[in-house]
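1. Need a 3D model of the sequence below.
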Amino acid sequence: MRALPLECDAVTELRSTHYESWRVAALSGLALLMLVPVTLPVPVLRELVTERFGVSAFWASSFMSVNMLGAFLAAPLAGAAADRFGQRPRWIAGALAVDALCFLGLTLDLPFAAFMAIRFFEGCAHIFALSLLMGLAATAFPADRRSIPMGAVGAGLLLGVAIGAPIGGILGADDPVRPLYIGALVVAVAAVLAVVLLRETGEGSEARPGFVEIRRMLTENRLLWVPLLFAFADRFTVGFFTSTFSLFLREVHLLEPARIGILISIFMVPFALLSFPLGWISQRSSRALLLCGGSLLYGGLVASIGFWPGDALLVPMLATGTAAAVMFVPSMLMTTEMTPEAVRTTSMGAFNAAGSLGFIAGPLTGGLVSQVVAGQTGDWLTGYQAAFLVAGAAEIALALVAFPVLWKFERRHAA
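-> Here you go, the predicted structure:
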């Protein structure tokens, strides 16, 4: 499949300088380190937020959303700045240093409003670094082998999310603040490694696009909205697993933090491990079929989560993570292929912004639906069942609407 032929007189085509294989492995490792801190606090959300500050479960869910608000605002700006000025490894290292300081700030004895404000800026710094790392991955190998670095980075970031939850459950068993200290240390290590291991790709261009040109090159391609909508929907549902699911297990099934972390890990591990091979498969097969077929299966499984007994959740969580892997890398590949190389970091920033918006909406929707339905029925189980039905239905609806559009695009632009 070829990229859409968007021409730009103001931009000289970049002469790609591609990565060696070990640098691609470094990208994957850095993605893992960046994402471990994301789910470290998840198993102890109630203790870290609700009990520590005396606020409702809604605000515990909001803790996972407010940093995504920062991410939503920062991601496209990060991508545009990198495409305009270059030097992505330095930007990555600087953003990670700020992220580490924010994690330390969350450990302080602060008013709740200040705590949430720091969480907002932590999200800005995190997504700034991650968008640029994904931009490097998108140009690390030639177009016909792009699935390799994209799949490797996808696997790294998902594996980081997967191992963060059980580690956070263990670390936070007797001190819910401890995962924040460990998160700061992990991000600081990633900042140092970014300086040592990364270098810019696409160097040697005679000109870089200006911000106006970057905007024009993206907005001209309306089909780009389709993979961005999938990024939104996918993170919308994952947001349920990082907040609503955790609260569901604590309040309905009375599980301990360590057990919650294990169940989230069971969902994330196949999601992570299968991303690389499925990225390779998507380079050689129909991305439309993988993306939409995987979304249909994933949406049905998500909708069923609230109806499983607590001691029988292992199998559906494993199946849900497997279905999620089928659609993840194809959506990233479609995003990169629908944009020219000169603005590919910006497109990945847009991908992350759409995902961040989904992450904002997911926990908030999960918290709101479960609370409203539980208030009407007097039953928290019914409330959480309704919340997961909403999440699954959203994924299914998008797959059904998007498939004809993506199938037509794929057939038209097939090599």
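2. neighbours around T382, how many?
-> The tally of other residues near T382 (other C-beta atoms under 10 Å) stands at 16. Placement of C-beta: from N, CA and C, glycine included.
3. Kindly report the same for the one 3 residues further on.
-> Q385 has 22 neighbouring residues, counting by other C-beta under 10 Å.
4. Not counting its neighbours along the chain, what's nearest it?
-> G306 (3.5 Å; C-beta to C-beta, 6 or more residues apart in numbering).
5. likewise M68?
-> Residue nearest to M68 in three dimensions, not counting chain neighbours: F359, with 3.8 Å by C-beta to C-beta, 6+ apart.
6. Please identify the helix or strand for that neighbour.
-> Assigned by DSSP states H and E, F359 falls within helix 344-377.
7. next SSE after that helix?
-> Heading C-terminal from helix 344-377 (DSSP H and E), you reach helix 380-412.
8. Also compute the angle for the helix or strand harbouring D83 relative to helix 344-377, please.
-> Using DSSP H and E, D83 maps to helix 57-85. Between the axes of helix 57-85 and helix 344-377, defined by axes from the mean of the first three to the mean of the last three C-alpha atoms, to 10 degrees, the angle is 170 degrees.
9. in helix 57-85, what's buried?
-> The neighbour-count check on helix 57-85 (16 or more other C-beta atoms under 10 Å) flags 57-84 as buried.
10. Now do the contacts for I360.
-> S65, M68, L69, F72, G239 (C-beta atoms under 8 Å, 6 or more residues apart in numbering).
11. show me where pLDDT drops low in the stretch 201-350 of the chain?
-> Residues of the stretch 201-350 of the chain that meet the criterion pLDDT under 70 lie in 202-221, 341-342.
12. Helices of that one, residue ranges please.
-> Secondary structure of the stretch 201-350 of the chain, counting by DSSP state H, counting those that start in this stretch: helices at 211-219, 225-239, 245-251, 257-273, 275-283, 287-304, 314-337, 344-377.
13. Turn the ones you listed into JSON lines, columns for distance to T139.
-> As requested, the helices of the stretch 201-350 of the chain are exported to JSON lines (distance: least, C-beta to C-beta, whole Å):
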{"stretch": "helix 211-219", "distance to T139": "15"}
{"stretch": "helix 225-239", "distance to T139": "18"}
{"stretch": "helix 245-251", "distance to T139": "35"}
{"stretch": "helix 257-273", "distance to T139": "23"}
{"stretch": "helix 275-283", "distance to T139": "16"}
{"stretch": "helix 287-304", "distance to T139": "19"}
{"stretch": "helix 314-337", "distance to T139": "9"}
{"stretch": "helix 344-377", "distance to T139": "6"}
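14. out of these, nearest to P43?
-> The minimum distance between P43 and the helices of the stretch 201-350 of the chain falls on helix 257-273, with 3.9 Å, by C-beta to C-beta.
15. picking up where we left off before, run the angle between the helix holding F359 and helix 314-337 for me.
-> 140 degrees.
16. ok so, going back, which of the contacts of I360 lies closest to L229?
-> L229 has its nearest neighbour among those in F72, at 14.5 Å by C-beta to C-beta.
17. how far away is the closest residue to A374 other than its chain neighbours from V390?
-> Take A374 and drop its neighbours on the chain: the residue closest to it by C-beta to C-beta, 6+ apart is G383, 3.1 Å away. For G383, the distance to V390 equals 11 Å [C-beta to C-beta, to the nearest Å].
18. out of these two, which sits in the more crowded spot?
-> Neighbours per residue, other C-beta under 10 Å: of G383 and V390, the larger number sits with G383, 25 against 21.
19. I'd guessed the more buried one sits against G367; true?
-> No. Counting by C-beta atoms under 8 Å, G383 stays clear of G367, with 9.8 Å between them.
20. about what we covered before: show me what the helix holding D83 is packed against.
-> helix 45, helix 88-105, helix 112-138, helix 211-219, helix 225-239, helix 245-251, helix 344-377 (3 or more C-beta pairs under 8 Å, 6 or more residues apart in numbering; DSSP states H and E).
21. Now do the shortest one, average pLDDT.
-> Averaged over helix 45, pLDDT sits at 80.
22. roughly how far is that helix from the heart of the chain?
-> The chain centre lies 19 Å from the centre of helix 45; the measure is C-alpha atoms, centre = their mean, to the nearest Å.
23. what's the next secondary structure element after that helix?
-> helix 52-53.
24. Which residues are in contact with the residue nearest to A374?
-> By C-beta under 8 Å, 6+ apart, the contact set of G383 is V369, S370, Q371, V372, V373, A374, G375, T377.
25. Export the residues you listed as a markdown table, with columns for distance to M348 and neighbour count.
-> Listed next are those as a markdown table, based on distance: C-beta to C-beta, whole Å; neighbours: other C-beta atoms under 10 Å:
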| residue | distance to M348 | neighbour count |
| --- | --- | --- |
| V369 | 31 | 21 |
| S370 | 33 | 30 |
| Q371 | 35 | 18 |
| V372 | 36 | 13 |
| V373 | 37 | 20 |
| A374 | 38 | 20 |
| G375 | 40 | 11 |
| T377 | 42 | 12 |
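26. nearest to I170, of those?
-> Ranked by distance to I170 (C-beta to C-beta), the contacts of G383 are led by S370 at 26.8 Å.
27. Name all residues that make contact with L101.
-> L101 neighbours (C-beta under 8 Å, 6+ apart): A184.
28. Go again with 10 Å.
-> Contacts of L101 were listed using C-beta atoms under 10 Å, 6 or more residues apart in numbering, and they are I118, F121, E122, A125, A184, V187, A188.
29. State the distance from the residue nearest to the fifth one when sequence neighbours are not counted to G123.
-> Counting by C-beta to C-beta, 6+ apart, F103 is the residue found nearest to A184 once chain neighbours are left out, at 3.7 Å. Using C-beta to C-beta, we find F103 at a distance of 12 Å from G123.
30. Over to A117?
-> 11 Å.
31. coming back round to it: so can I have TSV of the contacts of I360 showing distance to R52?
-> Shown next, in TSV, are the contacts of I360 (distance: C-beta to C-beta, whole Å):
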residue	distance to R52
S65	18
M68	21
L69	21
F72	26
G239	21
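32. Nothing else from me, thank you.
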